[in-house]
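Student: what's the 3D shape of this:
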Amino acid sequence: MKQVEIFTDGACSGNPGPGGWGAILRYNKHEKELSGGEADTTNNRMELSAVINALAVLKEPCHVTLYSDSQYVCNALKLGWAKKWKANNWMRNKKEPALNPELWERLLELCDIHEVDVIWVKGHAGHPENERCDRLAVAAAQQYA
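Tutor: Numbering: from 1, shown residues only. The predicted structure follows:
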């Protein structure tokens with residue numbers, strides 16, 4: 001299985017508001033940058049979109065080390081929250097629906113294809129790839145502002 005590193009970030013100007021996401025994929029010495037955005041979205045949707053779009057471009061099952069500054073994404077994957085929400089018909093608990101179920105559904109599908117290890121990184125703390133992803137995300141968001 002190929003070993004791939006993925007770095008992601010999402011950004012939103014207002015929450016909700018215009019948003020963007022950025023991702024870097026690294027395989028051996030090869031790197032690919034991706035970005036995109038939406039006119040009316042949330043920061044969490046952009047964080048999820050970054051991971052989904054990065055995983056979706058992989059052409060075969062890979063062992064992925066995912067680096068994200070989103071505790072929402074990292075905890076939901078690492079601690080099994082997203083799988084629990086799905087099992088509970090997209091409810092966080094008896095009274096609260098899980099937000100962004102269509103994005104979580106797609107992300108869980110991709111995580112079934114790839115082996116994904118999740119590593120949380122502190123945002124805006126000088127992590128070079130996280131800073132690059134932030135710049136990609138902000139630039140993408142600005143196209144919708």
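
Student: Which parts of the protein are strands?
Tutor: Listed in chain order, the strands of the chain (DSSP state E) span 2-12, 17-27, 30-41, 62-68, 115-120.

Student: Among these, single out whichever gets nearest to residue 77.
Tutor: Within the strands of the chain, the stretch nearest residue 77 is strand 115-120; the backing value is 4.9 Å (Cβ to Cβ). Where C-beta positions appear, they are placed from N, C-alpha and C, glycine not excepted.

Student: what's that closest one in contact with?
Tutor: Residues outside strand 115-120 that contact it (Cβ atoms under 8 Å, 6 or more residues apart in numbering) are 1, 55, 61-71, 73-74, 77-78.

Student: what do you get for stretch 103-111?
Tutor: With contact meaning Cβ under 8 Å, 6+ apart, stretch 103-111 is reached by 45, 48-49, 51-52, 55-56, 76-77, 82-83, 85-86, 90, 98.

Student: Repeat the analysis, applying 10 Å as the threshold.
Tutor: The contact list for stretch 103-111 (Cβ atoms under 10 Å, 6 or more residues apart in numbering) reads 44-45, 47-49, 51-56, 58, 64, 66, 73, 76-77, 81-83, 85-86, 90, 98, 100, 116, 118.

Student: Need the buried ones from these selected in PyMOL.
Tutor: With 16 or more other Cβ atoms under 10 Å as the burial test, the buried ones among the contacts of stretch 103-111 are selected in PyMOL as follows:
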select buried, resi 44+45+47+48+49+51+52+53+54+55+58+64+66+73+76+77+82+85+90+98+100+116+118
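
Student: and the nearest residue to residue 122 once chain neighbours are set aside, what does it touch?
Tutor: Of all residues not flanking residue 122 in the chain, residue 69 sits nearest, at 6.5 Å (Cβ to Cβ, 6 or more residues apart in numbering). By Cβ under 10 Å, 6+ apart, the contact set of residue 69 is 7-10, 47, 120-125, 127, 130, 133-134.
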